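Undergrad: here is a sequence with its predicted model. Questions after.
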Amino acid sequence: MLKKSLLLIVIFFTSSAYASTSKVKEYKSFADFKDGEFKSVSLSEKGELRIAPAVAKYFDAATQHVWQIASAGGKMYAATGTPLKIYQMTGKDSTTVYTSEAPTLFAMTGSGNGVLYFAPAPGGIIYKFQNGTVSEIANLETKYIWHLLPDNDDVLVATGDPGLILRITQQGNVDTVFTSTETHIRVLALDAKGMLYAGSADHGLVYRFNKNLKPFVLYDSPETEIFSIIPLKNGEIWVAGMSEKLTRPVITPASVSSPSSGSAGQAEVKNGSDPLEALMANGAGSKGGIYRITANGVARNFWQGQSQRVQALALRNDGNVLVGTGDAGKLYLLDRNGEITQLLDIDSEQIANFYPLQKSVLLATSNNGAIYELDAKPALKGQYLSEAFDAGSFTNWGSLSWSGQGSIAFSVRSGNTEKPDATWSEWAKLPISADPVAISSPTARFIQWQAELSNNAVLQSLTFGYKQQNIAPVLQEIKIHKPEDAYLEDVKEGLQGKPQKTGATLGKKSSEKGFQSVSWTMSDDNDDPLFCTLWVQLHGTQSWRLMVKDYGASVYSWDTRTLEDGYYYVKIEVSDKYENFNTSLVETKISDNFLVDNTAPVVSDLLQKGNAVKFQAIDKFSRIQKVQFAIDTGEWQSIFPLDGITDSSKEQFSIELPPLSKGEHTVMIKTEDERDNSSYKHINIHY
């Protein structure tokens, strides 16, 4: 089946066809698919799902870690732990050839003549297993042996603390090839022409040696450790590194035991309970880098920005590179152009090592420890399980559409828990069709889909429609602002007839005489835009007066001088009708009461009594705040009531007049209430 286009707009629903809150969930990129579960399905950087190479369990270590894989004389060996064991693998059968209390092993290799070389870690002892017997071939003055590399009949050794490259001959002689200023030489490699390469730990250097073994720093990487090098036929190399050094435990070495050799030994880990965590904690906080380096030292990082921590590299027969990661056991394929494909999701947390065979590749894993065989041919079938999608609330599901090619069967299920459980609906298989197919899963908050791919099927994108069942908006709080605080720009915008999304903030504030402002917070689980309607009511009356309808802001300011003085309430109704034609819902709340007072205090009982002017100031709703007087053209002078405190709506005052000239004088009185309403009154007096 080939579907060339997606129906992104026309989506079919069983109800609420006129509502404009219908949405589409689309999967079309790597980021869209990456959090799902992959079973024999790969994900390309372009966001395409296809059947992955076939993989089968080659060896079950029945332990936490598989450290290394090697072959010698046509026989396969695996080093596991902890404690360390080396098995000879024959099909599904295995035989233990070596055991030790050492926590791990970084270096193991085999020669064509059937000799297996290995070095338990930590320590500087190198053993060989030949003809059923384990024997020591070298005891080096070094703390770590990181890599063993056959070179004709000799073995090259990379050591740490100090960082050396040594050569061990068949006769057991040890020659120093290179003494590094770095603390560790982590890895060695030989190309087809016999050119030697090495990677260090401290400053992440990549060395190349000429035929005379003179070193040359080919690349000074931004990493602190280079742990894998793969030479190519054209003189280029692949390199993997980490940006932080290994964390190493304090270990007290002792002797080592082998059932084959009869010798005894052990190594005690003083700190760090997990050797993988302690000895192979590559780049905590860093995902490392994978570089392709040309013969003249030009490097390009192909792993920059990736979310998985690189752990191991291997070259496939087709020239592409396998990348094993150490965060979630994911296997990636990196091609020459830099395109990255998530090839497999292994049932172990770390892919620690690779071993290429003639037609397949072995993967050594940790947590859980096993060896898997990766075939070059694809599996017969694959399955992708999406992450549960959260629609936010009870939701009606629409139709599923997809683009790609081949045979793909889809199933869906829904439920109301974040993680699918027994309360979810059963998997419902959808008809195989090139056209959109209606989703029959029950109304719920979450939905999950799976795709079963067969043969050469490719899934390029998938969409499905959904519409949340409408939920009433919520009006959380109504705030009455201080008198004269006004938000006129918000009001102007709100009156334009456009609904408002929740979460709006107040704009510019100004001070306007007689104005009152009210603001509110609201939310909508459907994320619908909201309209508001406001009414005002005088306390003690029954009628609500409409102030504004279909208002699109969350603050309203108005001139209260059109209202009678008194205590008022504001009623606010929030509606989601803008995008819900026939299913709209509202919520209504009434504010606390607030005072409207635009009337100044009244001065009464004003009279002259001897050398004093007496009066009282009265305000119906507010406290008397300030009283002043002026005689003739003199300056204003403040006075206090007879009780000494201005704290009520009715106060008595007496002005003791100063000596004045004979004749008529005018005493002007100014009163203000706490709402800044002021009034003036005068009295003519005679002296």
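TA: The structure has been received and is ready for your questions.

Undergrad: and for residue 567, the neighbour number?
TA: For residue 567, the count of nearby residues is 15 (other Cβ atoms under 10 Å). Just so you know, the C-beta spots here come from the backbone N, C-alpha and C atoms, and that holds for glycine as well.

Undergrad: again, but for residue 204
TA: When counting by other Cβ under 10 Å, one arrives at 24 neighbours for residue 204.

Undergrad: for it, what are phi and psi?
TA: Backbone torsions of residue 204, given as degrees, to the nearest 10, read phi 60, psi 50.

Undergrad: contacting residues for it?
TA: Under the criterion of Cβ atoms under 8 Å, 6 or more residues apart in numbering, the neighbours of residue 204 are 220-226, 241.

Undergrad: from the residues you listed, list the buried ones, please.
TA: Buried members of those, scored by 16 or more other Cβ atoms under 10 Å, are 221, 223-226, 241.

Undergrad: ok, so of the residues you listed, who is nearest residue 188?
TA: Nearest to residue 188 among those, counting by Cβ to Cβ, is residue 226 at 10.9 Å.

Undergrad: so what touches the helix or strand the closest one falls within?
TA: Using DSSP states H and E, residue 226 sits within strand 225-231. Outside strand 225-231, the residues that touch it by Cβ under 8 Å, 6+ apart are 184, 186-192, 195, 197-202, 204-206, 237-246, 282-283, 312-315, 321.

Undergrad: can you put the buried ones among the contacts of residue 204 in TSV and add pLDDT?
TA: Listed next are the buried ones among the contacts of residue 204 as TSV, based on pLDDT from 0 to 100:
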residue	pLDDT
221	96
223	94
224	94
225	95
226	97
241	95
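
Undergrad: about what we covered before: immediately after the strand holding residue 226, which helix or strand?
TA: strand 237-242.

Undergrad: just want the angle from that next one to strand 225-231.
TA: Angle, strand 237-242 to strand 225-231, by axes from the mean of the first three to the mean of the last three Cα atoms, to 10 degrees: 160 degrees.

Undergrad: strand 237-242 packs against which elements?
TA: Secondary-structure packing of strand 237-242 (3 or more Cβ pairs under 8 Å, 6 or more residues apart in numbering; DSSP states H and E): strand 196-201, strand 225-231, strand 289-293, strand 310-315.

Undergrad: remind me, longest helix of the chain?
TA: For the chain, the longest helix by residue count, based on DSSP state H, is helix 488-494.

Undergrad: mind listing what's buried along that helix?
TA: Using 16+ other Cβ under 10 Å as the test for burial, helix 488-494 gives 489-491, 493-494.

Undergrad: same check, this time on stretch 573-593
TA: Buried residues in stretch 573-593 (16+ other Cβ under 10 Å): 573-580, 584-587, 589, 591.

Undergrad: now for the residue most central in space within the chain: which residues touch it?
TA: With distances taken as Cα atoms, centre = their mean, residue 307 lies nearest the centre of the chain, 10.6 Å away. By Cβ under 8 Å, 6+ apart, the contact list for residue 307 reads 287, 327.

Undergrad: that one: what secondary structure?
TA: Under DSSP: H, G, I helix; E, B strand; the rest coil, residue 307 falls in the coil class.

Undergrad: roughly how far out does stretch 427-442 sit from the chain middle?
TA: Here the centre of stretch 427-442 is set off from its chain's centre by 31 Å, with Cα atoms, centre = their mean, to the nearest Å.

Undergrad: how near is the residue nearest to the centre of the chain to residue 328?
TA: 9 Å (Cβ to Cβ, to the nearest Å).

Undergrad: and the strands in the stretch 301-450 of the chain?
TA: 310-315, 321-325, 330-334, 340-345, 350-356, 360-366, 370-378, 381-385, 389-415, 428-429, 437-438, 444-468 (DSSP state E, counting those that start in this stretch).

Undergrad: so which of those gets nearest residue 613?
TA: When the strands of the stretch 301-450 of the chain are compared by Cβ to Cβ, strand 389-415 sits nearest residue 613, at 71.2 Å.

Undergrad: that closest one pairs with which strands?
TA: Strand pairing for strand 389-415, using DSSP bridges, gives strand 2-3 (antiparallel), strand 428-429 (antiparallel), strand 437-438 (antiparallel), strand 444-468 (antiparallel).

Undergrad: now mean pLDDT and distance to residue 478 too, for these, in a markdown table please.
TA: As requested, those are exported to a markdown table (pLDDT from 0 to 100; distance: least, Cβ to Cβ, whole Å):
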| stretch | mean pLDDT | distance to residue 478 |
| --- | --- | --- |
| strand 2-3 | 40 | 52 |
| strand 428-429 | 96 | 46 |
| strand 437-438 | 96 | 44 |
| strand 444-468 | 95 | 27 |
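
Undergrad: and among the ones you listed, the most buried is which?
TA: Greatest average neighbour count among the strands paired with strand 389-415 goes to strand 444-468 (a mean of 20), per mean count of other Cβ atoms under 10 Å.

Undergrad: that strand vs strand 381-385, what angle?
TA: Strand 444-468 runs at 80 degrees relative to strand 381-385, counting by the same axes, to 10 degrees.

Undergrad: pLDDT weak spots in this structure?
TA: Within the chain, the stretches with pLDDT under 70 are 1-21, 244-286, 503-504.

Undergrad: quick one: the helices in it, in order.
TA: With DSSP H as the criterion, the chain has helices at 30-33, 275-279, 488-494.

Undergrad: thinking again about what came up before, in a markdown table, list the strands paired with strand 389-415 along with distance to residue 603.
TA: Converted to a markdown table, the strands paired with strand 389-415 look like this (distance: least, Cβ to Cβ, whole Å):
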| stretch | distance to residue 603 |
| --- | --- |
| strand 2-3 | 87 |
| strand 428-429 | 83 |
| strand 437-438 | 80 |
| strand 444-468 | 63 |
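
Undergrad: looking at the ones you listed, which is nearest to residue 400?
TA: Closest approach to residue 400 among the strands paired with strand 389-415 is made by strand 444-468 (4.5 Å; Cβ to Cβ).

Undergrad: in stretch 558-577, which residues are buried?
TA: For stretch 558-577, the neighbour count (16+ other Cβ under 10 Å) marks 558, 560, 563, 565, 568-577 as buried.

Undergrad: try stretch 641-657
TA: Residues 641, 646, 651, 653, 655, 657 are the ones in stretch 641-657 that count as buried (16+ other Cβ under 10 Å).

Undergrad: ok, back up a step: and the strands of the stretch 301-450 of the chain as TSV, adding distance to residue 44?
TA: Shown next, in TSV, are the strands of the stretch 301-450 of the chain (distance: least, Cβ to Cβ, whole Å):
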stretch	distance to residue 44
strand 310-315	18
strand 321-325	14
strand 330-334	9
strand 340-345	5
strand 350-356	19
strand 360-366	19
strand 370-378	14
strand 381-385	13
strand 389-415	12
strand 428-429	26
strand 437-438	25
strand 444-468	9
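
Undergrad: out of these, flag the one nearest residue 65.
TA: Set against residue 65 and scored by Cβ to Cβ, the strands of the stretch 301-450 of the chain come closest in strand 360-366, at 4.2 Å.

Undergrad: from the contact counts, what lies against the closest one?
TA: strand 65-72, strand 350-356, strand 370-378.

Undergrad: now residue 547: how far from residue 104?
TA: Distance of residue 547 to residue 104, computed by Cβ to Cβ: 77 Å.

Undergrad: what does residue 38 give?
TA: Per Cβ to Cβ, residue 38 is found 29 Å from residue 104.

Undergrad: compare those two (neighbour count), which wins?
TA: For residue 38 versus residue 104, neighbours defined as other Cβ under 10 Å are more numerous around residue 104 (26 against 21).

Undergrad: list the beta-bridge partners for that one.
TA: Under DSSP bridges, the beta-bridge partners of residue 104 are residue 121.

Undergrad: so it makes contact with residue 82?
TA: Yes. Look at residue 104 against residue 82 with Cβ atoms under 8 Å: they come within range, at 6.7 Å.

Undergrad: tell me, how many neighbours does residue 298 end up with?
TA: By other Cβ under 10 Å, 12 other residues sit near residue 298.
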